[in-house]
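K.L.:
sequence first, then the predicted structure, then my questions.
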Amino acid sequence: MKIFQTQLQGLITKLDKQEEVVEEAARMMAQSLVSDGKLWIFAEKEMKGILHQAVEGCDNLPRVEVAGKESSFSPMDSLLVFSPDRGSEEAQLVAETASENGTQVIGVSSPTTEDDNGWPEKCNFYLSTGIKGGLVPEEDGGRIGEPHLLVALYLYYSLFFHGEGDFRGI
């Protein structure tokens, strides 16, 4: 557990380098709400836990709706996409549809590589979780412990707290 905790603290420290992107993305989310647009959220795989927090949690987002392939996006809207998989076809379809409709797309996923051009390419704002694999080494040389949801929740709260003043009363 100590190794996991140390590695996780290192990841969170690195996330602080993305603060400027977090501030801009939170500002965009607040602008959508002020201009009577919608906040949409899409999450898949283990990151689906974000949906419960954003929609039903005590620190939920105002007027947020769960997005999918059939969502009606507008230029006044913002979309949050959470996926551990940069190559996800479903995340690609949702992000592409939103982008084509003028919606601002904020993506959260695993780190990019130079030859990667998955769905995050459709994002106006992109936040990397920093998770490249398991954090804890095993005896056989493998690694376990990929806290995608845990780090995504940290980034969710970063967006929430940066926009909280703007979200209050909306």
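P.N.:
Now that the structure is in, tell me what you want to look at. Residues are numbered from 1 along each chain as shown.

K.L.:
residue closest to the middle of this structure?
P.N.:
residue 108 (3.2 Å; C-alpha atoms, centre = their mean).

K.L.:
confirm for me that that residue is in contact with residue 130.
P.N.:
No: using C-beta atoms under 8 Å, residue 108 is not in contact with residue 130; the gap is 10.9 Å. C-beta coordinates here come from the backbone N, C-alpha and C atoms, glycine included.

K.L.:
thinking again about what came up before, so the residue nearest to the centre of the chain bridges to which residues?
P.N.:
residue 82, residue 127 (DSSP bridges).

K.L.:
got the contact list for it?
P.N.:
47, 80, 81, 82, 83, 126, 127, 128, 129, 152, 155, 156 (C-beta atoms under 8 Å, 6 or more residues apart in numbering).

K.L.:
let me see the contact set for the fourth one.
P.N.:
What it means is residue 82. 41, 42, 43, 44, 47, 50, 107, 108, 109, 152, 156.

K.L.:
okay, the fourth one: pLDDT?
P.N.:
pLDDT recorded at residue 44 is 96.

K.L.:
now the helix or strand harbouring residue 97: buried residues?
P.N.:
Taking DSSP states H and E as the criterion, residue 97 maps to helix 89-100. Within helix 89-100, the residues scored as buried using 16 or more other C-beta atoms under 10 Å are 90, 91, 92, 94, 95, 97, 98, 99.

K.L.:
list the contacts for the residue lying closest to residue 119 once chain neighbours are set aside?
P.N.:
Counting by C-beta to C-beta, 6 or more residues apart in numbering, residue 119 lies nearest to residue 92, which is 4.0 Å off, once chain neighbours are set aside. Residues in contact with residue 92 (C-beta under 8 Å, 6+ apart) are 118, 119, 122.

K.L.:
now for the last one, how many residues are close by?
P.N.:
In other words, residue 122. 22 (other C-beta atoms under 10 Å).

K.L.:
isn't it up against residue 105?
P.N.:
Yes: between residue 122 and residue 105 there is a contact at 5.7 Å, judged by C-beta under 8 Å.

K.L.:
could I get the contacts of residue 92 in CSV, plus columns for distance to residue 160, pLDDT and secondary structure?
P.N.:
Compiled in CSV, the contacts of residue 92 are given as follows (distance: C-beta to C-beta, whole Å; pLDDT from 0 to 100; DSSP: H, G, I helix; E, B strand; the rest coil):
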residue, distance to residue 160, pLDDT, secondary structure
118, 25, 82, coil
119, 23, 88, helix
122, 23, 88, helix
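
K.L.:
I appreciate the help and will end here.
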